[in-house]
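> Mind folding the following:
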Amino acid sequence: MAEASRILHSSLLPTFSPLQKPQKLRAAACYPPTFVQKRPKILIHCSSSSSVSTGETATKAATFDQTVPWGCDIDSLENAEDLQKWLSKSGLPPQKMAIQKVEVGERGLVALKNIRKGEKLLFVPPSLVITVDSEWSCPEAGEVLKQYSVPDWPLLATYLISEASIQQSSRWDNYISALPRQPYSLLYW
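Numbers count the residues shown, from 1 in each chain. Now for the predicted structure:
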């Protein structure tokens, strides 16, 4: 597990330099624009150990402050529209359903046309599905987690966190931006 920790700290977390100015991260475009909820800052403590020539272990710790853009307000239709555009550009074929605000919960898939009995409602190509076998931006981290038989849910959560941390560099950026910040139902857990 020490190897997994080392890779996660060295590969998934941004490097820290006391001389480096904090980066401004893009704000999630959430609706309504008049209501802006300030996200709590995430304080990340990372440390790494390395052997010195004398055989002693030197530990250096760094603390930095960074907010990872994650999701949007549950009533954000703007993010849903961006997600639909991204899905279409990424190869999702035309559907008879669209993401819309629904009365119960957050957003939902709503039929745009009449649907006949037995008709396929939705098709998502495998390239647009995140699974435990998805390609990681940091392949070493994924391999180490799989090597230590990390269960599927924590593995997928770590994958999403890893992709969220690289923001627009991630092919999943539009998907992550459309996730609700706070799930309304225990079914998400």
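> Please make it C-alpha for all contacts and neighbour counts, starting now.
Will do.
> Show the residue spans covered by the helices in this protein.
Remark: helices assigned in the chain by DSSP state H are 2-7, 77-89, 139-147, 152-165, 173-178.
> tell me which strands and helices the longest one is in contact with?
In other words, helix 152-165. In terms of contacts (3 or more C-alpha pairs under 8 Å, 6 or more residues apart in numbering; DSSP states H and E), helix 152-165 is packed against helix 139-147, helix 173-178.
> isn't residue 91 right up against residue 125?
Yes. Counting by C-alpha atoms under 8 Å, residue 125 is a contact partner of residue 91 at 7.5 Å.
> picking up where we left off before, now mean pLDDT too, for the helices and strands packed on helix 152-165, in TSV please.
Output for the helices and strands packed on helix 152-165, formatted as TSV (pLDDT from 0 to 100):
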stretch	mean pLDDT
helix 139-147	77
helix 173-178	84
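> do you know which of these lies nearest residue 121?
helix 173-178 (20.6 Å; C-alpha to C-alpha).
> Need the distance between the two termini of stretch 87-97.
13 Å (C-alpha to C-alpha, to the nearest Å).
> Give me the buried positions along that stretch.
By neighbour count on 16 or more other C-alpha atoms under 10 Å, the buried set for stretch 87-97 is 87, 92, 96-97.
> how about the strands in this structure?
43-51, 57-65, 97-101, 107-111 (DSSP state E).
> For this protein, give me the ranges with low pLDDT.
1-77, 105-106, 137, 183-189 (pLDDT under 70).
> Contacts only, for residue 86.
residue 174 (C-alpha atoms under 8 Å, 6 or more residues apart in numbering).
> Going forward, count from 614.
That works, and once the first residue is 614, the last one we named lands at residue 699.
> separation between it and residue 730?
Residue 699 is 29 Å from residue 730, by C-alpha to C-alpha.
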